[in-house]
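**Q** Build me a model from this:
(one chain, ligands or ions: 2)
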Amino acid sequence: MRPVGEVQSVLMIGFGAIGRHVARLLRPEISTGRLTLTALVRDLGKHTEHHGLGAELVQVDSPEDSRWSGLTADVVVECAGGPAAKSFGPAAVAAGIPFVLTSVGALADQSTRRALLAGPGDLHVTNGAIGGLDVLEAAAQAQALNEVSITTAKAPRGLVQPWMNAEEIRRLNQLTPAAGPLTIFTGTPAEAIVKFPANVNITVALAWATRGLGFGAVADDELMEAALHRTGVEIRADPRQEDSHHEITATGPAGEFAFSISSTPSPENPATSGLTALSVARTLRTCMAGLRRD
Ligand SMILES: NC(=O)C1=CN([C@@H]2O[C@H](COP(=O)(O)OP(=O)(O)OC[C@H]3O[C@@H](n4cnc5c(N)ncnc54)[C@H](OP(=O)(O)O)[C@@H]3O)[C@@H](O)[C@H]2O)C=CC1
Ligand SMILES: O=C([O-])CC(=O)C(=O)O
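**A** Ligands and ions are numbered 1, 2, ... in the order given. The predicted model follows:
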């Protein structure tokens, strides 16, 4: 894997609900020849219906695959989940290529975080399914926030996890709208992302945005470790919930802030907010605009 130089070429890891949605959003750039998109998939056979989205599909299993080192890109964007972020992300960054991270929960793993911050490629963390983070980042950099928390509510079926016992799964599946929401987790992003790896990337994104002001990778790493244990998280299973709903609150000398986000689910994956792909496309465009100015 090596950078291309002047060509605006994007290499996407994963071509699932978010990846395909991002490809559709990039249509203006792709159709006018300003951007080429290559998507890495694990099994080409699963993607026979996905060839009309303007992406060239290439089967690559891991960064150890010899086809990976032969690929070129200006930017790598991960849309494949935590394990793929932890393997491909450090490889892209080490090759000096900017890396857009969607599975932000990977930043909760210290060795991955250190590798992603080590450069020489820059790390770009998407806001994903939440927003208002510019305000909170500004306040946190001035040490003007004391408390930060997020409550996330989703339809119960999207919250079932392999580690849950039969009774816990039955309880989630049998929740009725009349019973109202059930709190199934309270804790920190560090704990939440281990238990709900594909549901609470946003909590790690919130910790990242509110880590405070650091100069360099070592400071960012330490600040993030503290933020991962300071941010409050509550997860609710809400049978009345069609949309994914996120409430962020923060207080401190800078003031009191509250953001409420209800996002239409991804049409292809009801457990994922549709807003995630919109945010990833924006992060990618910001990253590419920065490259053009260099
Ligand atoms: N930041 C945020 O706000 C959010 C982040 N996310 C993150 O985004 C991830 C993707 O979400 P979504 O698109 O809805 O999930 P999907 O399951 O729809 O798609 C994931 C795709 O990635 C592929 N994949 C997995 N591992 C690899 C790999 N090593 N190489 C290539 N492809 C791979 C899967 O392929 P296969 O079919 O072969 O398994 C699948 O096609 C989530 O797992 C989560 O971590 C999700 C929601 C919000
Ligand atoms: O899509 C959402 O609403 C949030 C989500 O799954 C995540 O952060 O992993």
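**Q** which residues does the residue nearest to N173 when sequence neighbours are not counted contact?
**A** Among residues not flanking N173 along the chain, P156 sits closest, at 6.5 Å (C-beta to C-beta, 6 or more residues apart in numbering). For the C-beta atoms, the positions are set from N, CA and C on the backbone; glycine is no exception. Listed by C-beta atoms under 8 Å, 6 or more residues apart in numbering, the contact partners of P156 are L172, N173, L175, L182, A237, D238, P239.
**Q** Just the buried subset of these, written out for ChimeraX, thanks.
**A** A single ChimeraX command suffices to select whichever of the contacts of P156 are buried according to 16 or more other C-beta atoms under 10 Å:
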select :172,175,182,237,238,239
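**Q** Tell me the one of the contacts of P156 nearest ligand 2?
**A** Nearest to ligand 2 among the contacts of P156 is D238, at 12.4 Å by C-beta to the nearest ligand atom.
**Q** pretty sure that closest one is touching S244, no?
**A** No - taking contacts as C-beta atoms under 8 Å, D238 lies outside contact range of S244: 9.8 Å.
**Q** Now do the shared contacts for the two.
**A** A153, K154.
**Q** Next one, pLDDT for E222 please.
**A** Per-residue pLDDT puts E222 at 98.
**Q** what about it, neighbour count?
**A** Neighbour count of E222, defined by other C-beta atoms under 10 Å: 13.
**Q** Grab the nearest non-local neighbour of it.
**A** Spatially, and ignoring its direct neighbours in sequence, E222 is nearest to G214 (7.4 Å; C-beta to C-beta, 6+ apart).
**Q** tally of neighbours for the one you found?
**A** G214 - counted by other C-beta under 10 Å - has 15 other residues nearby.
**Q** from what I can see, it looks like it's in a strand, true?
**A** No - assignment of G214 by DSSP: H, G, I helix; E, B strand; the rest coil gives coil, placing it outside any strand.
**Q** From W208, how far off is it?
**A** To W208, G214 is 11 Å away according to C-beta to C-beta, to the nearest Å.
**Q** isn't E222 right up against G212?
**A** No - between E222 and G212 there is no contact under C-beta under 8 Å: 9.9 Å.
**Q** can you give me the helices in the chain?
**A** Assigned by DSSP state H, the helices in the chain fall at 17-25, 27-31, 66-70, 82-94, 110-117, 133-141, 166-173, 189-195, 201-209, 217-230, 275-293.
**Q** And the residue lying closest to T251 once chain neighbours are set aside, how close does it get to ligand 1?
**A** Excluding its sequence neighbours, the residue lying closest to T251 (C-beta to C-beta, 6+ apart) is E147, at 5.1 Å. Distance of E147 to ligand 1, computed by C-beta to the nearest ligand atom, to the nearest Å: 22 Å.
**Q** what does I261 give?
**A** To ligand 1, I261 is 10 Å away according to C-beta to the nearest ligand atom.
**Q** same deal with P156?
**A** Look at P156 and ligand 1: by C-beta to the nearest ligand atom, they are 17 Å apart.
**Q** same question, T151
**A** For T151, the distance to ligand 1 - C-beta to the nearest ligand atom - is 15 Å.
**Q** Tell me who's in contact with R34.
**A** Shown in contact with R34 (C-beta under 8 Å, 6+ apart): Q8.
**Q** Model confidence score at it, please.
**A** The model's pLDDT for R34 equals 92.
**Q** same thing with A179?
**A** Listed pLDDT for A179 reads 85.
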